[in-house]
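**Student:** I need the structure of the sequence given here:
(2 chains)
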Number of protein chains: 2
Amino acid sequence: MCQLLGMNCNVPTDIVFSFTGFAKRGGQTDEHKDGWGIAFFEGPGVRLFVDHESAVSSPIADLIQRYPIKSKNVLAHIRKATQGQIALENCHPFVRELWGRYWVFAHNGDLKNFAPALHGTFRPVGSTDSELAFCYLLQELHQRFGDQAPSQAQLRQALNELTTEIALHGVFNMMLSDGSALFAYCATKLHYIVRQYPFTQAMLSDDDLSVDFSEVTTPNDRVALIVTEPLTTNETWIPFASGELKMFVDGMPVTNTSN
Amino acid sequence: MCQLLGMNCNVPTDIVFSFTGFAKRGGQTDEHKDGWGIAFFEGPGVRLFVDHESAVSSPIADLIQRYPIKSKNVLAHIRKATQGQIALENCHPFVRELWGRYWVFAHNGDLKNFAPALHGTFRPVGSTDSELAFCYLLQELHQRFGDQAPSQAQLRQALNELTTEIALHGVFNMMLSDGSALFAYCATKLHYIVRQYPFTQAMLSDDDLSVDFSEVTTPNDRVALIVTEPLTTNETWIPFASGELKMFVDGMPVTNTSN
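**Tutor:** Alright, predicted model coming up:
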């Protein structure tokens, strides 16, 4: 399977520290060496870096660890191939446009007997179950709401139903962002943490590296990190419940609200 | 306005030499400093790098000049903003998916009174006339051919009509690729060259750099390069006619054929 890392913040923040630990799992501290990718929203624009080399030996991953790209929503993925060969078109995150916004998606898991009818303009380019699930999600969102984008609450409700439906086919931990919110659905394993004032020191579990966030933040900063496996050893990561969809906005999970 | 660079080859080839000269125009030998981008097809997958910094000072552009990514179809663009602010979402090339293939598009020019009705799922994320033209092109292709991808000859015919129609609104030099062919439409300025056996030396016009292609190629390699302004001083670049659409496949322009 694969590993996922997501970040949602109230101010543009760089992910250098967390990505450094995460990338080590791409062939060094773990076996996820069949490609990797990371997508950064910058306003409505997206920078997507994908590579079918392992994250620990990729010159592009190396660049990202040295070049602080600031973003309010980031999704990263390291791959251990289950379905679909090792090839660029099978690397997550995947990006599509709907309602004049980019949507970024990454998946951890494995879907069986999942062959939804695709009748719209969202079609997979590669051969993964993940990209197929992403295309199905966008098709169904477009089907439900037509050409008019829904509210975040409506979107959350629709995603709750759709992710639950897809998860009937197997393991489906996923993250999805349109640049304004980050949605994370847990089938089997996801954890999150909210870093906010007063900031403290964090120590990576995959690298001999620590950072004192109080030195690099302002009291108003708030950052939510969501991962398949906790990234640090001295912070309390909160596990998702199985079957739970969370919506993160401005660096924190939004509690359930009605429309 | 902007500058365009395209490459279409019969075997995966790196664009390091040509991009090095081209990138110099992004703020050093020319004034195109409002962002840049480059997209590489690798099989059906695409690597897209975009940046709203100038190409001469971008760490990502620097990486690409040192890291030989091999591709059969590449599109690059350096931007001088005419419409749309300097922002990531306005950087070319733009990427969308249609018929389970990625499509990559870049534009040089300026369109006036161009406001086509968009009724499908292709909507601009940014505010450029260029992305609007790209969305319109894909919408109209989907409209004409439905869910079944057309042949290259049908595609060429449709693009001939659509580009001519869009060009009524102003300057529209453009390049478009789906990874199997590169289409280039010239409104005012495009040039191309085919490099093939026997390969010789080429000298960049924007940098003190030359390369002897006979040392880095095999006799079977063939590379077509398409640019707004010739990149080298000692090769004969062939100008497009105004209003001409060319389709490049396997490193050479395909002469007109019927279906």
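**Student:** what does the stretch 51-200 of chain A put close to chain B?
**Tutor:** Near chain B, the residues belonging to the stretch 51-200 of chain A are A:51-52, A:59-60, A:63, A:67, A:87-91, A:95-102, A:119-126, A:142, A:147 when assessed by Cβ under 8 Å from any Cβ of the partner chain. From N, CA and C alone the C-beta is placed, and that goes for glycine too.
**Student:** Any stretches of chain A with poor pLDDT?
**Tutor:** Across chain A, the stretches falling below the confidence threshold (pLDDT under 70) are A:1, A:27, A:31-32, A:256-259.
**Student:** Next up, the contacts around the nearest residue to A:K24 once chain neighbours are set aside.
**Tutor:** Using Cβ to Cβ, 6 or more residues apart in numbering or on different chains and skipping the chain neighbours, the partner closest in space to A:K24 is A:D206 (4.0 Å). Residues in contact with A:D206 (Cβ atoms under 8 Å, 6 or more residues apart in numbering or on different chains) are A:G21, A:F22, A:K24, A:R25, A:Q28, A:T29, A:D30, A:L231.
**Student:** Give the burial count for the last one, as a bare number.
**Tutor:** What that stands for is A:L231. By the criterion of other Cβ atoms under 10 Å in any protein chain shown, A:L231 has 26 neighbours.
**Student:** ok, and the most crowded of the contacts of A:D206?
**Tutor:** The member of those that has the most neighbours, counting by other Cβ under 10 Å, is A:F22 with 31 neighbours.
**Student:** which residues of the stretch 1-150 of chain A fall in strands?
**Tutor:** Secondary structure of the stretch 1-150 of chain A (DSSP state E, counting those that start in this stretch): strands located at A:3-14, A:36-42, A:45-51, A:70-78, A:94-98, A:101-111.
**Student:** returning to that earlier point: return the subset of the contacts of A:D206 lying in helices.
**Tutor:** Using DSSP state H, the members of the contacts of A:D206 that fall within helices are A:G21, A:F22, A:K24.
**Student:** quick one: which of those is nearest to B:L75?
**Tutor:** Using Cβ to Cβ, the shortest approach to B:L75 within these belongs to A:F22, at 30.7 Å.
**Student:** and the residue nearest to A:L138 when sequence neighbours are not counted, what does it touch?
**Tutor:** What sits nearest to A:L138 in space, not counting adjacent residues and going by Cβ to Cβ, 6+ apart, is A:F122, at 4.8 Å. By Cβ under 8 Å, 6+ apart, the contact list for A:F122 reads A:R96, A:F134, A:C135, A:Y136, A:L138, A:Q139, A:H142, B:E97, B:T121.
**Student:** go again using 7 Å as the cut-off
**Tutor:** A:R96, A:C135, A:L138, A:Q139 (Cβ atoms under 7 Å, 6 or more residues apart in numbering or on different chains).
**Student:** does A:Y192 really touch A:E229, like I thought?
**Tutor:** No - applying Cβ atoms under 7 Å as the test, A:Y192 and A:E229 come out as separate, 12.0 Å apart.
**Student:** Between these two, tell me which one has more neighbours.
**Tutor:** More neighbours surround A:Y192 than the other of A:Y192 and A:E229, with 21 against 16 (other Cβ under 10 Å).
**Student:** Can you give me the first-to-last residue distance of stretch A:3-23?
**Tutor:** Distance across stretch A:3-23, first residue to last, is 10 Å (Cα to Cα, to the nearest Å).
**Student:** Doesn't A:S214 belong to a strand?
**Tutor:** No - with the criterion set as DSSP: H, G, I helix; E, B strand; the rest coil, the secondary structure at A:S214 is helix rather than a strand.
**Student:** Quick one: neighbours of it, just the number.
**Tutor:** 12.
**Student:** just A:E244 next, same as before
**Tutor:** As a burial measure, the neighbour count of A:E244 was computed by other Cβ under 10 Å and equals 14.
**Student:** What segments of chain A are helices?
**Tutor:** According to DSSP H, chain A carries its helices in the segments A:16-24, A:59-66, A:129-145, A:152-167.
**Student:** To A:I78, which of the ones you listed lies closest?
**Tutor:** Distances from A:I78 to each of the helices of chain A were compared using Cβ to Cβ; the minimum, 7.0 Å, belongs to helix A:16-24.
**Student:** name the helices or strands packed onto that closest one?
**Tutor:** Applying 3 or more Cβ pairs under 7 Å, 6 or more residues apart in numbering or on different chains; DSSP states H and E, one finds that helix A:16-24 makes contact with strand A:3-14, helix A:59-66, strand A:70-78.
**Student:** Single out the most deeply packed of these.
**Tutor:** When neighbours are counted by mean count of other Cβ atoms under 10 Å in any protein chain shown, the highest per-stretch mean among the helices and strands packed on helix A:16-24 falls to strand A:70-78, a mean of 26.
**Student:** Can you list the neighbours in contact with that one?
**Tutor:** In this structure, residues lying in contact with strand A:70-78 by Cβ under 7 Å, 6+ apart are A:2-9, A:12-15, A:19, A:22, A:25-26, A:32, A:36-42, A:55, A:92-93, A:104, A:106, A:175, A:177, A:179, A:182.
**Student:** buried sites along stretch A:162-179?
**Tutor:** Using 16 or more other Cβ atoms under 10 Å in any protein chain shown as the test for burial, stretch A:162-179 gives A:162-163, A:166-167, A:169-179.
**Student:** Quick one: end-to-end distance for that stretch.
**Tutor:** Length of stretch A:162-179, first residue to last, Cα to Cα: 20 Å.
**Student:** what separates it from the chain centre, distance-wise?
**Tutor:** Counting by Cα atoms, centre = their mean, to the nearest Å, stretch A:162-179 is centred 11 Å from the centre of its parent chain.
**Student:** Show residues contacting that stretch.
**Tutor:** With Cβ under 7 Å, 6+ apart as the contact definition, stretch A:162-179 has outside contacts at A:4, A:6, A:41, A:44, A:73, A:75, A:101-114, A:133, A:137, A:140, A:182-190, A:226, A:228, A:243, A:245.
**Student:** just stretch A:127-147 next, same as before
**Tutor:** Against stretch A:127-147 from outside (Cβ under 7 Å, 6+ apart): A:83-85, A:90, A:92, A:94, A:96, A:98, A:103, A:105, A:107, A:110-111, A:114, A:116, A:118, A:120, A:122-125, A:158, A:162, A:166, B:121.
**Student:** Hmm, A:S205 is touching A:T233, no?
**Tutor:** Yes - checked against Cβ under 7 Å, the pair A:S205 and A:T233 is within contact range at 4.8 Å.
**Student:** between these two, which one's more packed in?
**Tutor:** Neighbours around A:S205 and A:T233, counted as other Cβ under 10 Å, are more numerous at A:S205. The numbers are 14 against 11.
**Student:** list the contacts for the more buried one?
**Tutor:** When contacts are counted by Cβ under 7 Å, 6+ apart, A:S205 is found next to A:G21, A:P230, A:L231, A:T232, A:T233.
**Student:** Name the nearest residue to A:A202, sequence neighbours excluded.
**Tutor:** Closest residue to A:A202 in three dimensions, ignoring its sequence neighbours and counting by Cβ to Cβ, 6+ apart: A:T232, at 4.6 Å.
**Student:** hmm, I was thinking of A:C186
**Tutor:** Once chain neighbours are set aside, the closest to A:C186 by Cβ to Cβ, 6+ apart is A:F240, at 3.5 Å.
**Student:** what's around A:R156, how many residues?
**Tutor:** Residues contacting A:R156 under the criterion other Cβ under 10 Å number 19.
**Student:** OK, contacts around it?
**Tutor:** Here A:R156 is in contact with A:M247 (Cβ under 7 Å, 6+ apart).
**Student:** give me that answer again for 8 Å
**Tutor:** A:R156 makes contact with A:F183, A:L245, A:M247, A:V254, according to Cβ under 8 Å, 6+ apart.
**Student:** Now neighbour count too, for the residues you listed, in a markdown table please.
**Tutor:** Output for the contacts of A:R156, formatted as a markdown table (neighbours: other Cβ atoms under 10 Å in any protein chain shown):
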| residue | neighbour count |
| --- | --- |
| A:F183 | 24 |
| A:L245 | 21 |
| A:M247 | 22 |
| A:V254 | 14 |
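**Student:** Tell me the one among those residues nearest to A:F213.
**Tutor:** Distance ranking of the contacts of A:R156 against A:F213, using Cβ to Cβ, places A:V254 first at 22.7 Å.
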